[in-house]
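Student: need a 3D model of the following:
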Amino acid sequence: MDTKGKLDQFCQKLENMIKEISANELGLSLGVAGNNTSILMMIYRSALDHYANDAACWTVLKQIISQSEQRPLLEVFSASTENDIQILSNFAETFYNDGKVRIAAQLFQFLTLFCPNGAPHPTTYMQLAESISELSIDSGLQIYDFILNIFPDHPAILLAAARRYGDGERPKRALRLLDHAKEVCEHNIKIDPTLQKFLDLLYPELEKIRHELLTKE
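Tutor: Next up, the predicted model:
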């Protein structure tokens, strides 16, 4: 079977998985679920077509497609590895760095399906939020609101979100996120000394936001 045929079959399985999740877990009606699924599938198919054009990414995809013939897709995505995600992420970042942000957002959107050991991957969600923020700051902040519910204590996400809230002229929200990131880092720094690098980045951001708020009073 050629590449297009393999992607067609895989996309059908992916569409069925999304419909099942929408109906069973999100409780969406058939009409709403169908509309959401159609939009997502356009994004996913575009992403898959781009990934399939890269040799390293296609190797990862072929493995996923092969596994999906034997196991449910949710299990396949849960069995993904950090290396798989890194290969696909590196490819997506080339589009982001080249200013092709819309394509990058599609690629990162597909990557959010990957859940190593059944857990959402924070970096891919952050990359998606950053890409969408470049296209629309309001849409990016909506994504960050969603992500912060999943990763409320992740220093890198808190810092990235705070910067975007600052860009979106919501300095009070940015300050709350930075204060929380600071608390998280200081609480865990003895266990994880690498958190010092986040504190080094947080302090100037905190000073900047506090000065901005003071000048507005």
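Student: now stretch 101-117: mean pLDDT?
Tutor: Stretch 101-117 comes out with an average pLDDT of 94.
Student: list the buried residues of that stretch.
Tutor: Residues of stretch 101-117 classed as buried: 101, 103-111, 113-115 (neighbour count, 16 or more other Cβ atoms under 10 Å). Heads up, the C-betas are built off the backbone N, CA and C, glycines and all.
Student: for the helix or strand of the chain with the lowest mean pLDDT, packing partners?
Tutor: Lowest mean confidence among the helices and strands of the chain (mean pLDDT, DSSP states H and E): helix 30-52, at a mean of 79. On a contact count with 3 or more Cβ pairs under 8 Å, 6 or more residues apart in numbering; DSSP states H and E, helix 30-52 meets helix 3-24, helix 55-68, helix 82-97, helix 101-111.
Student: out of these, which is closest to Gly168?
Tutor: helix 101-111 (16.9 Å; Cβ to Cβ).
Student: which SSE is immediately downstream of that closest one?
Tutor: Note on helix 101-111: by DSSP states H and E, the next helix or strand toward the C-terminus is helix 122-135.
Student: buried residues in that next one?
Tutor: Buried, per 16+ other Cβ under 10 Å, within helix 122-135: 123-134.
Student: for those residues, which one is nearest Lys216?
Tutor: Ser133 (22.8 Å).
Student: what's the neighbour count on the closest residue to the closest one other than its chain neighbours?
Tutor: In this structure, Ser133 finds its nearest non-sequential neighbour in Gly140, 2.7 Å apart by Cβ to Cβ, 6 or more residues apart in numbering. For Gly140, the neighbour count with other Cβ atoms under 10 Å is 23.
Student: you'd agree Gly140 is up against Ile132?
Tutor: Yes: if you go by Cβ atoms under 8 Å, Gly140 and Ile132 touch, sitting 4.6 Å apart.
Student: remind me which residues of the protein are low pLDDT?
Tutor: 1, 22-35, 217 (pLDDT under 70).
Student: need the residue closest to the centroid of it.
Tutor: Tyr125 (1.7 Å; Cα atoms, centre = their mean).
Student: the nearest residue to that one once chain neighbours are set aside - how many residues pack around it?
Tutor: Distances taken as Cβ to Cβ, 6+ apart place Ile147 nearest to Tyr125, at 4.9 Å, with adjacent residues excluded. When neighbours are counted by other Cβ under 10 Å, Ile147 registers 21.
Student: so where does Ile147 fall, helix or strand?
Tutor: helix 137-150.
Student: quick one: buried residues of that helix?
Tutor: Per 16+ other Cβ under 10 Å, helix 137-150 contains these buried residues: 137, 140-141, 143-144, 147-148.
Student: looking at those residues, which is nearest Leu74?
Tutor: Among the buried residues of helix 137-150, and counting by Cβ to Cβ, the member closest to Leu74 is Ile147, at 20.4 Å.
Student: what residues are up against that closest one?
Tutor: 125-126, 129, 157, 161 (Cβ atoms under 8 Å, 6 or more residues apart in numbering).
Student: now swap in Leu7 and tell me
Tutor: Contacts of Leu7 by Cβ under 8 Å, 6+ apart are 45, 48-49, 52, 65.
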